[in-house]
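Q: The following comprises the amino acid sequence and a computationally predicted model.
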Amino acid sequence: MVTFALLYCKKTMKLPQSILEMLREKSKLELNQPSDCEALSIDIEEVTGVHLGVNTLKRLLNILPDGTTTRISTLNLVAKYLGAYDWASLMETVSDSNSQFQILEGEVCAHDLDKGAMVEVTYLPDRRLVMEHTGDGIFRVITSVNGSLQEDDLLFIDYIFPNFPLLVKNVFRGGESLGRYSAGIKGGIQSIKLLK
C-alpha cells in the first residue's frame with residue numbers, strides 16, 4: 001500500500017539553511033535583522049557588480065514574510081556572490097561537500113532517499129512530475145503531466161527545494177544527454193510529496 005506524506009506545500013520564499021550559513025560566513029553578518037539585509041545588499045553589489053534589492057533579501061532570509069517565489073536570476077546572483085558559477089553549480093558543491101549544515105524542513109536531498117523512493121513534484125501551470133529514485137541522485141520519470149520531460153527520462157538531481165525551480169544537472173533520454181534542465185522557473189516547486 002502506498003502512503004502519501006506531504007513534505008512541503010507552503011508558499012514562503014526563503015533560502016535553504018546550508019546557503020544561509022554560507023552567506024553568514026562570507027558576509028560576517030548574523031542576517032537576522034533588516035540592517036543586515038542592507039549591508040548584505042551593498043556587499044553583494046560590490047562583489048558581483050549587480051544590485052540585489054533589500055526587500056528581496058529580507059524575503060530570502062525570512063525577515064519579511066511573503067508568498068512570492070524567487071527568480072532563477074536572483075538565485076544565480078546569490079550563487080555568484082558565494083563564488084559559484086550559478087545556482088545549480090552551488091547546489092552541486094553543497095551536495096558534494098562534507099558540511100554539517102542542517103537541512104531545511106521540506107528540502108529533499110536525493111542522496112538521503114532510499115533506492116526506489118517515489119517523489120511527486122508539482123509546479124505551475126498545472127505541471128506534475130512523478131519520479132523514482134534509482135540511486136545516487138538519479139531519478140527515472142514515471143509520469144510527466146503537461147511538461148517537457150518524458151516517461152523514462154533519467155534526471156540527475158541533488159536537491160529539490162520548495163518554491164525554487166527544479167534544477168536538473170543532466171537529462172538523459174534514450175541514452176542521449178540533453179543537458180541541464182530547469183522546471184518551475186516562474187513559480188518554483190509548489191509541492192513535494194514522498195509517495196513511498
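A: Structure's in. What do you need?
Q: hey, which helix is longest across the protein?
A: Counting residues, the longest helix in the chain under DSSP state H turns out to be helix 34-48.
Q: So which elements touch that helix?
A: For helix 34-48, the elements it packs on are helix 17-27, helix 54-60, helix 72-81, judged by 3 or more C-beta pairs under 8 Å, 6 or more residues apart in numbering; DSSP states H and E. Where C-beta positions appear, they are placed from N, C-alpha and C, glycine not excepted.
Q: quick one: the second one to chain centroid distance?
A: Distance of helix 54-60 from the chain centroid (C-alpha atoms, centre = their mean, to the nearest Å) equals 17 Å.
Q: distance of K115 from G135?
A: Noted for K115: a distance of 4 Å to G135, by C-beta to C-beta, to the nearest Å.
Q: Neighbour count for the two, which is higher?
A: G135 (13 against 10; other C-beta atoms under 10 Å).
Q: which parts of the longest helix of the chain are buried?
A: Buried residues in helix 34-48, counting neighbours by 16 or more other C-beta atoms under 10 Å, are found at D36, C37, A39, L40, S41, D43, I44.
Q: Columns mean pLDDT on top of the helices and strands packed on helix 34-48, output as a markdown table?
A: Listed next are the helices and strands packed on helix 34-48 as a markdown table, based on pLDDT from 0 to 100:
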| stretch | mean pLDDT |
| --- | --- |
| helix 17-27 | 85 |
| helix 54-60 | 88 |
| helix 72-81 | 87 |
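Q: what's the closest of the ones you listed to L149?
A: With C-beta to C-beta, the closest approach to L149 among those belongs to helix 72-81: 17.5 Å.
Q: Can you name every helix or strand that the closest one contacts?
A: helix 17-27, helix 34-48, helix 54-60, helix 87-96.
Q: one more time with 6 Å, if that's ok
A: helix 34-48, helix 87-96 (3 or more C-beta pairs under 6 Å, 6 or more residues apart in numbering; DSSP states H and E).
Q: possible to save the helices and strands packed on helix 34-48 as JSON lines with distance to S144 and mean neighbour count?
A: Formatted as JSON lines, those follow (distance: least, C-beta to C-beta, whole Å; neighbours: other C-beta atoms under 10 Å):
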{"stretch": "helix 17-27", "distance to S144": "28", "mean neighbour count": "18"}
{"stretch": "helix 54-60", "distance to S144": "30", "mean neighbour count": "21"}
{"stretch": "helix 72-81", "distance to S144": "20", "mean neighbour count": "20"}
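Q: That'll do, ta.
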